[in-house]
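Visitor: here is my input; please provide its structure:
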Amino acid sequence: MPKRNILTISDEYLVSDLYFAVEASGNDNPIHGLFFNSVAFDDEEVLVALRELQGKSYQLFTFFNCRGQFLGEVLSQIMTTMRVDCLFLEYSSTMTFDGKPLFQDECSKAMGQALARGSPVQNLCLSGLSTSLSLGEALKFGLPHSNIKSFEWYQDGNSVGRNLGIDEMDGQNNEFQFWMSLLAGLKSCYTLKQLEFRNVRRDEIMSHYMTTLRKHPSLTYLVVSVKDFGNEIQFGIKNLMSSCEESDGIVEMLDQSPLQTLKLSFREKISAIPSLPKPRHGKLKYILEFINATDRHMNAFGEGLAQNEDVEEVHLLDHLLTSEGILKFSSWLGERETKLRKLTMRGSPIGRTGALALLAAVQKNRSWLEVAELPRGTDLRPAIQHFADLNKAGWSRIIRNERSDSIEISLWPLVIARANNLVLCNKSKKENDARRADTIFHLLRGPALHSAKARLRPSSCFSGYNQVDPRTAPT
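Guide: Numbers count the residues shown, from 1 in each chain. Next up is the predicted model:
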């Protein structure tokens with residue numbers, strides 16, 4: 001994947017950097033995006049410089065803690081005269097200027113009007129913005145006429161409020177009005193495919209959103225998450241399920257919508273994972289994500305996974321797990337029949353003891369794991385990835401054939417052909433080719449060792465690998 005060339009712009013060289021972006025647009029090494037870092041848009045010459053960028057295409061424009069009397073006009077000009085794929089507005093709620101928020105009502109209005117005029121922006125990310133009435137009205141007005149495919153809302157961690165039911169919340173409350181206005185805009189945005197809410201501590205709001213958006217005509221990917229809600233970390237999902245089950249069940253509601261993926265994200269604290277309804281026809285994919293996990297969280301997390309066997313992906317991000325936590329997780333993975341296809345771990349490297357336990361779990365015939373993204377420096381990382389690569393090629397589907405003691409040899413060419421076309425690493429062609437060669441070599445051992453037989457026994461095909469010695473595993 002080629003690296004994106006992002007130009008960082010600050011106050012000191014604001015105008016000159018914009019003209020530099022104009023000149024670079026025709027170079028062999030073009031700029032893919034602009035990052036405005038704490039810029040004050042108070043100079044009208046900025047608007048003149050931006051006109052030179054009209055019609056240009058960019059992947060990303062990011063505004064971090066920006067302000068100024070011309071900020072609204074800058075947003076409007078960027079959103080309507082350039083082809084920008086993703087617009088990211090990030091603010092800190094503690095940052096003010098002259099006692100006022102940096103992102104003023106005029107900016108919200110300008111953004112809403114630009115969206116309503118059919119801005120080409122397809123991905124809109126808003127982080128740390130105040131849940132103001134003006135912003136809600138702007139999104140309600142602009143989203144239905146926009147081309148937005150992905151909308152992400154990151155709630156500022158400093159925003160804390162008492163948990164109220166929908167009926168309890170004051171109709172004149174600005175926060176309540178914001179959420180209802182935003183919901184109205186999202187409901188009528190028929191280009192919307194992906195919706196993410198991060199650190200939203202209002203479980204009643206999230207329940208109401210899930211209930212209302214369950215029949216959205218185009219929404220396929222939904223992420224709901226909280227930072228830290230104690231026993232209320234289920235953020236209304238349990239209540240939503242129980243109330244929906246009385247009216248033919250949430251499963252029926254989800255099956256009637258195009259929703260394909262539901263991700264539940266937990267952060268720093270977890271007391272329970274709600275029992276997720278079993279999807280019909282295998283249509284809905286569940287993903288569980290845990291940020292900042294430690295060893296003491298693994299019991300609750302493992303119990304949640306044990307009662308939700310349909311979870312297909314687990315993401316442990318920025319984790320602080322030691323071998324103790326990895327052993328708990330590996331025990332769950334190796335002892336239960338699971339549909340888990342992808343494991344992503346980002347954080348501290350996994351030590352030898354934990355890596356051996358994880359490797360043994362992945363080797364077991366019960367594991368369907370096809371993708372294992374582990375931290376750099378993890379012991380036995382190549383060996384763990386190797387067995388996940390084998391599963392991705394189709395090995396696990398063949399050897400777990402419980403209705404027969406043997407395997408048709410004619411299946412092997414199909415599996416090997418599939419392995420030859422797999423993309424196992426999209427970051428490095430060299431690593432991808434090496435892993436693919438290891439996978440094909442392993443798969444070839446089956447037919448080669450039993451070529452005299454018409455049928456192969458799964459227990460003998462991979463006798464040398466069923467209980468791999470880490471010393472001989474791929475490194």
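Visitor: tell me the contacts of M345?
Guide: M345 makes contact with 316, 319, 321, 373-375, 378, according to Cβ atoms under 8 Å, 6 or more residues apart in numbering. Glycine gets a C-beta too; all of them are placed from N, C-alpha and C.
Visitor: quick check: the farthest pair among these?
Guide: Using Cβ to Cβ, those reach their maximum pairwise distance at L321 and E373, which is 14.7 Å.
Visitor: of those two, who's got more company?
Guide: L321 (24 against 14; other Cβ atoms under 10 Å).
Visitor: show the buried residues in the contacts of M345.
Guide: 316, 319, 321, 374, 378 (16 or more other Cβ atoms under 10 Å).
Visitor: these in helices, which ones?
Guide: If you go by DSSP state H, these have nothing in helices.
Visitor: of these, which belong to strands?
Guide: Per DSSP state E, strands hold the following members of those: 316, 319.
Visitor: which of the buried ones among the contacts of M345 lies closest to K392?
Guide: So of the buried ones among the contacts of M345, ranked by how close each gets to K392 (Cβ to Cβ), first place is L374, at 15.2 Å.
Visitor: can you pull the contacts of the closest one?
Guide: 343, 345, 350, 381, 384-385.
Visitor: the residue nearest to G304 when sequence neighbours are not counted: which element?
Guide: The shortest distance from G304 to any non-neighbouring residue, by Cβ to Cβ, 6 or more residues apart in numbering, is to I273 (2.6 Å). Under the criterion DSSP states H and E, no helix or strand holds I273.
Visitor: list the contacts for I273?
Guide: 234, 264, 266, 288, 300-301, 303-305, 307-308.
Visitor: tell me the mean pLDDT over the helix or strand hosting P413?
Guide: Here P413 sits within helix 411-420, counting by DSSP H and E. The average pLDDT within helix 411-420 is 78.
Visitor: buried set for it?
Guide: 411-412, 415-416, 419.
Visitor: can you give me the end-to-end span of stretch 370-390?
Guide: Stretch 370-390 has an end-to-end distance of 8 Å (Cα to Cα, to the nearest Å).
Visitor: any idea how far it is from the chain center?
Guide: From the chain centre to the centre of stretch 370-390 is a distance of 20 Å (Cα atoms, centre = their mean, to the nearest Å).
Visitor: quick revisit: other SSEs contacting the helix holding P413?
Guide: Applying 3 or more Cβ pairs under 8 Å, 6 or more residues apart in numbering; DSSP states H and E, we find helix 411-420 packed against helix 381-393, helix 395-399, helix 429-449.
Visitor: redo that, cut-off 6 Å
Guide: helix 381-393, helix 429-449 (3 or more Cβ pairs under 6 Å, 6 or more residues apart in numbering; DSSP states H and E).
Visitor: got the angle for it vs helix 381-393?
Guide: 120 degrees (axes from the mean of the first three to the mean of the last three Cα atoms, to 10 degrees).
Visitor: could you check the angle helix 429-449 makes with helix 411-420?
Guide: Using the same axes, to 10 degrees, helix 411-420 lies at 170 degrees relative to helix 429-449.
Visitor: contacts for helix 411-420 next, please.
Guide: The contact list for helix 411-420, computed with Cβ atoms under 6 Å, 6 or more residues apart in numbering, reads 393-394, 439-440, 443, 447.
Visitor: neighbour-wise, give me the winner out of those residues.
Guide: Among those, T439 has the most neighbours (other Cβ under 10 Å), with 28 neighbours.
Visitor: Y286 versus that residue, what's the distance?
Guide: 27 Å (Cβ to Cβ, to the nearest Å).
Visitor: same question for R376.
Guide: Distance from R376 to Y286, by Cβ to Cβ: 28 Å.
Visitor: who's more crowded, those two?
Guide: Between R376 and Y286, counted using other Cβ under 10 Å, Y286 has the larger neighbour count: 20 against 7.
Visitor: in the helix or strand hosting K263, which residues are buried?
Guide: In this structure, K263 sits in strand 261-267 according to DSSP H and E. Buried residues in strand 261-267, defined by neighbour count with 16+ other Cβ under 10 Å: 262-267.
Visitor: separation between L195 and E44?
Guide: 37 Å.
Visitor: more neighbours: which of the two?
Guide: A count of neighbours by other Cβ under 10 Å puts L195 above the other of L195 and E44, at 22 against 10.
Visitor: secondary structure element for the more buried one?
Guide: strand 194-198.
Visitor: pull the distance from that strand to the chain's centre.
Guide: That offset, for strand 194-198, works out to 9 Å (Cα atoms, centre = their mean).
Visitor: so that strand versus strand 261-267, what angle?
Guide: 10 degrees.
Visitor: got the contact list for the strand holding K263?
Guide: 221-223, 225, 227, 285-291.
Visitor: return the backbone torsion pair for L259.
Guide: With angles defined as degrees, to the nearest 10, L259 sits at phi -60, psi 130.
Visitor: can you tell me how far it sits from I273?
Guide: From L259 across to I273, the span is 19 Å (Cβ to Cβ).
Visitor: which stretches in the stretch 101-250 of the chain count as helices?
Guide: 105-116, 133-142, 174-187, 203-213, 237-245, 250-255 (DSSP state H, counting those that start in this stretch).
Visitor: avg pLDDT for the shortest one?
Guide: So the one you mean is helix 250-255. 46.
Visitor: if we can go back for a sec, can you lay out the buried ones among the contacts of M345 as a markdown table showing pLDDT and distance to T211?
Guide: Output for the buried ones among the contacts of M345, formatted as a markdown table (pLDDT from 0 to 100; distance: Cβ to Cβ, whole Å):
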| residue | pLDDT | distance to T211 |
| --- | --- | --- |
| L316 | 90 | 30 |
| H319 | 87 | 32 |
| L321 | 88 | 35 |
| L374 | 88 | 38 |
| T378 | 83 | 41 |
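Visitor: closest to F64 among the buried ones among the contacts of M345?
Guide: Of these, the one sitting nearest to F64 (Cβ to Cβ) turns out to be H319, at 26.7 Å.
Visitor: quick check: the closest one touching T344?
Guide: No. H319 lies out of contact with T344 (Cβ atoms under 6 Å); the separation is 10.2 Å.
Visitor: what about A361, how many neighbours?
Guide: Residues near A361, counting by other Cβ under 10 Å: 24.
Visitor: assumed it was part of a helix.
Guide: Yes. Counting by DSSP: H, G, I helix; E, B strand; the rest coil, A361 is located in a helix.
Visitor: excluding its backbone neighbours, what's nearest it?
Guide: G334 (3.4 Å).
Visitor: okay, and the one you found sits in which element?
Guide: Going by DSSP H and E, G334 is part of helix 323-335.
Visitor: what mean pLDDT would you report for that helix?
Guide: 83.
Visitor: quick one: list the elements packing against it.
Guide: helix 298-306, helix 352-363.
Visitor: quick one: closest of these to S181.
Guide: helix 298-306 (33.8 Å).
Visitor: give me the buried positions along the closest one.
Guide: Buried, per 16+ other Cβ under 10 Å, within helix 298-306: 298, 300-302, 304-305.
Visitor: now do N123, the pLDDT please.
Guide: The model's pLDDT for N123 equals 97.
Visitor: was I right to think it contacts C86?
Guide: Yes. Assessed by Cβ under 6 Å, N123 is found in contact with C86 at 3.9 Å.
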